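[1] below are the sequence and a predicted model; questions follow.
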Amino acid sequence: MRIGIDARLVYYTQAGIGQYIMHLVQALADVDQRNEFILLQSRKDRSSIVDQPNFKRVPIWTPSHHRLEQLTLRFEVSRLDMDILHSPDFIPPFRRNCKSVITVHDLAFLLYPNFLTQESARYYGQIDQAVRRKDHIIAVSEATKHDLVQRLGVPDGKVSVIYEASAPEYRPLPADEARRYVSDKYDLIQDYVFFVSTIEPRKNVPGLLKAYRGLLDAYKLKVKLVLAGGYGWLSDEVMATVERLRLGDDVRFLGRVPTADLPYLYNAARVLVHPSFYEGFGLPPLEAMACGTPVVVSNVSALPEVVGDAGLLVDPNDLSELTVGMYRALTDEQLRQDMIHKGLARAAVFSWDKAGRQTLEVYARVVQGK
């Protein structure tokens, strides 16, 4: 097969879908030396995602999410003589001369349209056409597949669930090494509750701040709240909440941190908290579990599917429940050890090797017209 993968987004962000693309391409390279892969990368991106003879980088002029993308990208794609094009960022060229597979990571833009920028609403508003003009869909969780079937009327047989996984670098590290690293680089000396994600409304950061305020007031624990992630849409409310709750001395915003630092930050944390209103998968809890860090997550969308019985599940709308969940994960040592052991076992269930092989199977079925 001659397989195209739209990897343009990697140039713009190496978080989120950018991470998915890089891990998937590496997984495909690890398991397939026979098929020919065409990596559509931004012309500004000089990097090679993988260095393998059957993977070829092709520079693309059309930027990701450009308003003329449907017009210009189809001409760039048409000259490449591919059997199939995989679009990991939801929206494929609607007119093309090859088969199409898209990955849908979540339908947050449909469920929470008020959480979108105008630009994101315009781009992801094409999802109805995308799911009609594809040959197959990869969903990253059963929850996302359910949303596709129920909300967009996609036939069940046209969707395959292929889970993401944590990268190999997410693993338990010696406690002293992790603490020394975060102390030297981030001046984090005190125990801390950790949050990792873009600061945006659906991540429920104001709710986390209020629950954390309750933790300090009710239980008098000496523990910081540390948030890592870039600032997204409507993040001003978060800073206003910090000021209103007088949390300036207790909360640290690290901004977007290098990927190489995350294993240390996870390992040094006492607990990861992920109180989102909605997730299509939920990679930070999986990465934290792979590092041996207890997790407290929302009991909605894909998060219970990812965490299983290895973490504490709480109602993201019940701030007292979130406060108690954090307190238990911080103070109950028997519970902590149980969560650590179960978390490591749960994280091991997810594998990029498995994801790569399952994705290849999807490509083959689509090209063969099955």
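    All right, it came through fine. Residues are numbered from 1 along each chain as shown.
[2] which residues sit against the helix or strand encompassing residue 335?
    Using DSSP states H and E, residue 335 sits within helix 333-348. Helix 333-348 is contacted from outside by 166, 170, 172, 286-290, 292-295, 307-312, 328-329, using C-beta atoms under 8 Å, 6 or more residues apart in numbering. (C-beta placed from N, C-alpha, C; glycine too.)
[3] give me the buried positions along the following helix or strand past that helix.
    Note on helix 333-348: by DSSP H and E, the next helix or strand toward the C-terminus is helix 352-367. Neighbour-count burial for helix 352-367 flags 352, 355-360, 362-363, 366-367 (criterion: 16 or more other C-beta atoms under 10 Å).
[4] kindly reformat those as a markdown table containing pLDDT and distance to residue 58.
    Converted to a markdown table, the buried residues of helix 352-367 look like this (pLDDT from 0 to 100; distance: C-beta to C-beta, whole Å):
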| residue | pLDDT | distance to residue 58 |
| --- | --- | --- |
| 352 | 97 | 23 |
| 355 | 98 | 23 |
| 356 | 98 | 21 |
| 357 | 98 | 24 |
| 358 | 98 | 25 |
| 359 | 98 | 20 |
| 360 | 98 | 20 |
| 362 | 98 | 22 |
| 363 | 98 | 18 |
| 366 | 97 | 21 |
| 367 | 96 | 19 |
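[5] and the furthest pair within those?
    Maximum pairwise distance among the buried residues of helix 352-367 (C-beta to C-beta): 22.3 Å, between 352 and 367.
[6] quick one on the thing from earlier: from the contacts of helix 333-348, which land in helices?
    Judged by DSSP state H, helices contain the following of these: 286-290, 307, 328-329.
[7] okay, those in TSV with distance to residue 12 next?
    What follows is these, written out as TSV (distance: C-beta to C-beta, whole Å):
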residue	distance to residue 12
286	24
287	22
288	26
289	29
290	26
307	29
328	40
329	35
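[8] related to what we said a few turns ago, buried set for the helix holding residue 335?
    Of the residues in helix 333-348, those buried (16+ other C-beta under 10 Å) are 336, 339-340, 342-344, 346-347.
[9] likewise for stretch 122-138?
    123-124, 126-127, 130-131, 133-138.
[10] just name the closest of the residues you listed to residue 228, please.
    residue 124 (25.0 Å).
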